[in-house]
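Peer 1: Below are the sequence and a predicted model for it; my questions follow.
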Amino acid sequence: MQKTIFQRLLLFSTIIVMVVILFMIVYSENGFNDWCHLNREIIDIQSENKKLDLANRELARTIERLKTDMGYIEHVARHELGMTGKNEIVFRFKEK
């Protein structure tokens, strides 16, 4: 009879220790919750990196066109900078 009480007490204390360890794994600093949060953060950063990579590629393409493509340079000068070509006359009309 003494042995069964001891076994029950040992089993109960083992269960308590396991629950405490599980609680520490899940809720402590650097535990499961932090791990999940860091994984979400990694996914967000990777997504932002992909967007920035696409923007960088587009900028590199634009830079290359500005260095080599005279038609593109003319397009930018006319549409973005408001410049005119040689022997062109610009008419400006006042709105009523």
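Peer 2: Nice, thanks for sending it over.

Peer 1: And the helix or strand hosting residue 20, what's buried?
Peer 2: Using DSSP states H and E, residue 20 maps to helix 2-27. Within helix 2-27, no residue counts as buried by 16 or more other Cβ atoms under 10 Å. Heads up, the C-betas are built off the backbone N, CA and C, glycines and all.

Peer 1: what about residue 20, distance to residue 14?
Peer 2: 11 Å (Cβ to Cβ, to the nearest Å).

Peer 1: Then residue 56?
Peer 2: Taking Cβ to Cβ, one finds residue 56 at 57 Å from residue 14.

Peer 1: got the domain boundaries for the protein?
Peer 2: 1-30, 32-86 (automatic domain parsing).

Peer 1: Let me have the ones you listed in CSV, adding mean pLDDT and distance to residue 96 as columns.
Peer 2: Formatted as CSV, those follow (pLDDT from 0 to 100; distance: least, Cβ to Cβ, whole Å):
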stretch, mean pLDDT, distance to residue 96
domain 1-30, 84, 71
domain 32-86, 92, 23
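
Peer 1: out of those domains, nearest to residue 95?
Peer 2: domain 32-86 (17.8 Å; Cβ to Cβ).

Peer 1: And the closest one, how far out from the chain middle?
Peer 2: Domain 32-86 has its C-alpha centroid displaced from the chain centroid by 15 Å (Cα atoms, centre = their mean, to the nearest Å).

Peer 1: Kindly report the same for stretch 14-23.
Peer 2: 37 Å.
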